[in-house]
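Trainee: Structure for the following, please:
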Amino acid sequence: MDWQEVEKTGGKVVTYGSFKLGVVERDSDLDLLAVVPRHVSREDFFVDFYHHLAKKSEVSELRALYKDVVPVIKFKYKDIDVDLTVARLMCKEKIPEDEDFLMHHIATVDLDARCLRSLNGYRATRELLQLVPDMAKFRAVLRLVKLWARRQGIYGNMLGFLGGASWAILVAKACQLEGEQLQ
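Mentor: Prediction:
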């Protein structure tokens, strides 16, 4: 695709997860969502873009997990773990500049299940940011809870325990309940 077509149709990469929540740690991964227009296929992303990444000297440990529940390209970029998911939006010819658009129902129209699950990671993170009454307290408690869980050996989806998103939801609820009690 030439640059004129790219400029005409747009696309963007947005953060979610611990980075978006403001609780990123040294060993945290960077969760990214590529939002692409409808003419960019899953094959374009998981084959062509994957091969493009493979040519970059800054990229290592590259693997495409396109059959996962939430398909993802995982890699290290200059020693930072990156999880890159994709949402192929079907609702518009051009991807809007403002990422708030992704929170509106129109963004989910005609999305396939895999793209919807990818988009929902971003949307859930944004919802948490809106629902927590005291962001500074939320961030401090979440960092503490994640550290505690790691030290207890009970952190991580891969191990069968709660992962970062689950802990964030629990801490957000605790912050909401604590906020209600103070009123």
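Trainee: in this structure, which spans are strands?
Mentor: 12-16, 30-37, 59-65, 72-77, 80-89 (DSSP state E).
Trainee: show me where the chain has helices.
Mentor: Under the criterion DSSP state H, the chain carries helices at the ranges 3-9, 18-21, 42-43, 50-54, 113-131, 135-152, 164-182.
Trainee: Of these, flag the one that's most buried.
Mentor: With neighbours taken as mean count of other C-beta atoms under 10 Å, those reach their highest mean count in helix 18-21, at a mean of 20. Just so you know, the C-beta spots here come from the backbone N, C-alpha and C atoms, and that holds for glycine as well.
Trainee: burial count for the residue nearest to F75 when sequence neighbours are not counted?
Mentor: Spatially, and ignoring its direct neighbours in sequence, F75 is nearest to L62 (4.3 Å; C-beta to C-beta, 6 or more residues apart in numbering). Residues lying near L62 (other C-beta atoms under 10 Å) number 16.
Trainee: is it true that L62 touches D81?
Mentor: No. Here L62 does not reach D81: they are 11.6 Å apart, not a contact under C-beta atoms under 8 Å.
Trainee: For G22, see how far away the residue nearest to F75 is.
Mentor: 28 Å (C-beta to C-beta, to the nearest Å).
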